[in-house]
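> From the sequence below, what's the structure:
(chains A and B)
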Amino acid sequence: MSVVGKVLVIDDSEMVLERVKARLQRESYEVATTSQPVGAARHLLLCDLVILDFHMPGMNGSEVLRSLKMLGASSGATPLYFLYTSDKSLSKGYRELGFDGTLTNKGDDESLVQQVAVALRLAKLRRKTSAGKG
Amino acid sequence: MISGEVSAWARHVLVKSLANQESGSAVWLWNAFARFPPLRPAQQSLTHLCSSRTGVDRSQSSVANPAVSLHPISARPSLVTSVGGSIATRLALGIVVLVALVTSLVVAELNRLEWQRLLTSKRAAAQMVAVVFAGSLAPALDFKDDDAVRDRVDGLRVSPEILQAQVVASGRSDPVAQYRRPNEPECSDADCIEVLHPVVNPTGDALGAVQLRVSLNQERQAFAQTRRKMIGLGAIFSLCLASALILIARRFLVTPLARLETAAMGLARGLPVLVPVQRDDEIGRLSRTFNSMAQIIDDREQRIAASNRRLQNLLDHMGQAILVFDAQGKLTEEHSRLAERIFGARAGTSIVDQVYPDLDHSEMEREAFQAWVDAAVNIEPEEFKNIVELAPRSLKFQKDGGELELELEYRLVYAGEAAQQIMLLATDVTEKRRLEREVAEKELEHERQLSAVRRLVSGGGQLFAGFVDQTERRLGVCRELLNAHQTLDRATVEALFQQFHTLRAEARCFDLARIEARVTQLEALLQELRTDLQEQVAGDPEPGGRLELQRGVDELAQLLEEAEQTFVAQHPLGAAALDQITVRRTRFLAVLGAAKELPPELRARVEELARRPLVESTALLPEAVARWAQRAGKNVRLEVDHRGIEIPYALSGVLGGVLSHLLRNAIAHGIETEAERLAAGKPGAGLVRISGLESAEGVAISVSDDGGGFNIEAIQARARGASPEAILALSAAFESGISTIVNRGELAGAGVGLAAARAELASAGYCIRIASTSRQGTELRLTPISGTDMASRSRGGTPPSEDPGLAARKA
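Prediction:
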């Protein structure tokens, strides 16, 4: 059973975005996609999970992540930020880069669906836990 | 030497202590030996003895730490001799202190009395000496003879006990004579006795006084000796008394209590124990009560153990791996056998480690599950149903080199009203999932084949029929080759290869994947045979090759038959599709038109060529019937029998429309609603059946349903100028403008449908009859128009010349 959730996908490839969006929508997730990180802030408040590409023209995932986190913090949004890559070295060092997790096997849609389900569960648990503490 | 003797003695004491499960003596000995280096060998011997008696190896820890070396013995402490905190020690100390105190008090009192007695005797003796001495001085003082007084005083020197003497005369301030023993210090009141006595003459006149100080040294020495004896006796008495009291307390109190203690400890370990009851005092009654209690506990334990065994048995036979974890996320003892087999299920380990032991491949899953466990164990029970949605519901678990697929469920385990534990139920669905995948793959394959066949069908069946014929021929050739050559030679292999190669290419054209795959296998086998032949391998190049090829040919024949059956099942014409060819319509119609000029026999042949299968006119109706029935709020299905029966070309042109009219009418008027049918004892779904019938007059079409039949009274009432005869009334149902339905709707009610159908049929030389009608159903029959029909139609007012069907039939 999928956990219903809202996902924002940021990637410079429109083809990747379309593919990911179609596959995640088949699992009943609400999916927003953008290839322009600058305009991603308006989606932040509503989403549970942000999936970020790392290598994008003009800026890398760390810079995008930093700016998104700043925007998210100012608007009160608390999504989880996951790196989406098939680069194993990046996957291992995601915490050092500031990401909450990593989605591996980029390009494998079935693997993506399973990992997104886990990530959304984690996001909702963290939100629930922080709400409980608050 | 000393060490050896001491060691032997210590050994004796220790063995006795251990036999009595008394650790106090052993500890005392151990500590004593440890303080004296010469006794170290004895200490080591003692350590070894303790190890052998208790079965505990202390070579590593105990010897290194003498303070705890005998701890395992004191793990079973005895009330009799254990050091500190035991009743025995306290009792013994109390007895000793009490006896010593009482004895000391008694001895002190006796000493005091003895000293008083000695003082009194001494004072009496000194008083007597003073009286005698005063009497001897009376004449000298009376005559004031000081010298005589001095002589008498000096005479006291012979008595060593008189330390001082002094004589004073009346009326004189200075003493007349005085004596003091040389080298004697001034004695205190405690060291001597002072006696004062007056000196009087015979007439009673006072002449002076005598003062004596007498030493108490002899009395003190005597008293000291006596006191030593008394203390010694008192000590001996105390020791005896204390020993006697300790022995009595040990026998009647401590030992029974120790036995009870040992029994209680045995009970605590779950051992069946009973205490011997030897007396009827408080201890005896306590022992009896203890035995009763032990018996009750034992019974209860046995019942609990039996209950636990039953529950565990149930748990072990459940088809789920059951784990239970507590508020710390640690596994408890309770688990099913399957859980032990899959997870290991060691109590005390983390549930997260059990479920996700592979750190490399499931880091995120571990983290999410850990977060869920943390949240779930601290949540209110009523919130659990919300949080459980965030738990993983499936798990791929690596086990013994394979992968298990598990479905996970979670339950709260309540203790009273509070939820204290969470139960995880893991169902092994590996086999189920595998079967589901297999079924899905087969369905996919089947669907793919169906799609391929549908493409064939839509493109015409004659190509496929040709392929089937050709393939059967090829397989026949292969069989002949294999039967004719017991040993496969090169030419045979090449011939077979050619047949299979062509067959594979043709099968691929028709998307027959299974045939293609099997032929590919056979081609591979032939390739091996070919290689063997090229390398001139002696004898049969592949002994099993011929048999395998024969099996393959048989299988291909079977696969071909299955493909043919699938094709026939999917084709609207059924098996007839295999016997058809396609010709151009315009050319055929030209032939048909020219047939009018032909002799009757040849014309009949040509018209026979023009006949069409019934299924062509009914192919689209099943889906349409379901749609119409749904709109009418009814449940109706259509069955078509004898689909391959051939109907005249003219009828095939109008039959589809006519049947549509009849079916819509049957749905609207004939078939009842599901509720009405069930109330009438009929199946909920109505049935309409179309059948082709061969008769001497030609092909007839029957349309029957299991609805409520015609409403004859209503038809009669609505038919214009209706005849009282039922047949005529029924015939009138097909006249334009008559409908029995009250509320006209989409399907029927205008009363024009059946009349239009009648006209259509007439144009093809057919008419429609009501073969039967009742509350159980109606059958309409489309039959070729005969002379009788024409007469009936004349009475009904319709001129025969207006019937286009009849006209066509005449033509």
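> Quick one: residues in contact with the lengthiest helix in chain A.
If you go by DSSP state H, chain A has its longest helix at helix A:109-133. Here helix A:109-133 makes contact (Cβ atoms under 8 Å, 6 or more residues apart in numbering or on different chains) with A:2-3, A:5, A:7, A:19-20, A:23-24, A:27, A:29, A:48-49, A:51, A:78-80, A:82, A:84, A:100-101, A:103-106, B:364-365, B:367-368, B:371-372, B:374-375, B:387, B:390-392. Any C-beta I mention is one placed from the backbone N, CA and C, and that applies to glycine too.
> in that helix, what counts as buried?
A:112-126, A:128 (16 or more other Cβ atoms under 10 Å in any protein chain shown).
> picking that back up, mind checking which of the contacts of helix A:109-133 are in strands?
Applying DSSP state E to these, the entries found in strands are A:7, A:49, A:51, A:80, A:82, A:84, A:101, A:103.
> near chain B, which of those residues show up?
Residues of the ones in strands among the contacts of helix A:109-133 in contact with chain B (Cβ under 8 Å from any Cβ of the partner chain): A:Gly101.
> Show me which of the ones in strands among the contacts of helix A:109-133 are buried.
For the ones in strands among the contacts of helix A:109-133, buried by 16+ other Cβ under 10 Å: A:7, A:49, A:51, A:80, A:82, A:84, A:101, A:103.
> Quick check: which of the buried residues of helix A:109-133 has the minimum pLDDT.
Least confident entry in the buried residues of helix A:109-133, by pLDDT: A:Lys128, with 81.
> Tell me the spacing between that one and B:Pro600.
91 Å (Cβ to Cβ, to the nearest Å).
> cool, and B:Arg366?
For B:Arg366, the distance to B:Pro600 - Cβ to Cβ - is 90 Å.
> ok, these two, which is more surrounded?
B:Arg366 (18 against 7; other Cβ atoms under 10 Å in any protein chain shown).
> wait, that one sits on B:Tyr356?
Yes. Contact criterion Cβ atoms under 8 Å: B:Arg366 and B:Tyr356 qualify, at 4.2 Å.
> for chain B, which strand is longest?
Max-length strand for chain B by DSSP E is strand B:402-415.
> Mind listing what's buried along it?
Quick answer for strand B:402-415 (16+ other Cβ under 10 Å): B:404-406, B:408, B:410, B:412.
> and if you look at stretch B:367-387?
For stretch B:367-387, by 16+ other Cβ under 10 Å, it's B:367-373, B:375-377, B:379, B:387.
> which ones among these come in contact with chain A?
B:367-368, B:371-372, B:375, B:387.
> Identify those among those residues that sit within helices.
Per DSSP H, those map to helices at B:367-368, B:371-372, B:375, B:387.
> could you dump those to TSV with distance to B:Leu780 and pLDDT?
Below are those laid out as TSV (distance: Cβ to Cβ, whole Å; pLDDT from 0 to 100):
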residue	distance to B:Leu780	pLDDT
B:Glu367	72	87
B:Ala368	67	89
B:Ala371	71	89
B:Trp372	67	91
B:Ala375	70	86
B:Ile387	65	86
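> Let me know the closest of the buried residues of strand B:402-415 to B:Ser215.
B:Ser215 lies nearest to B:Leu412 out of the buried residues of strand B:402-415, by Cβ to Cβ, at 99.3 Å.
> didn't that closest one look like it was pressed against B:Lys385?
No. Judged on Cβ under 8 Å, B:Leu412 makes no contact with B:Lys385 at a distance of 9.2 Å.
> Now A:Arg23. Nearest residue, chain neighbours left out?
A:Asp109 (4.5 Å; Cβ to Cβ, 6 or more residues apart in numbering or on different chains).
> mind checking how far the one you found is from B:Phe133?
If you go by Cβ to Cβ, the gap between A:Asp109 and B:Phe133 works out to 140 Å.
> Around chain A, pick out the residues from the stretch 301-450 of chain B.
The stretch 301-450 of chain B has residues B:364-365, B:367-368, B:371-372, B:374-375, B:387, B:389-393 near chain A, with proximity defined as Cβ under 8 Å from any Cβ.
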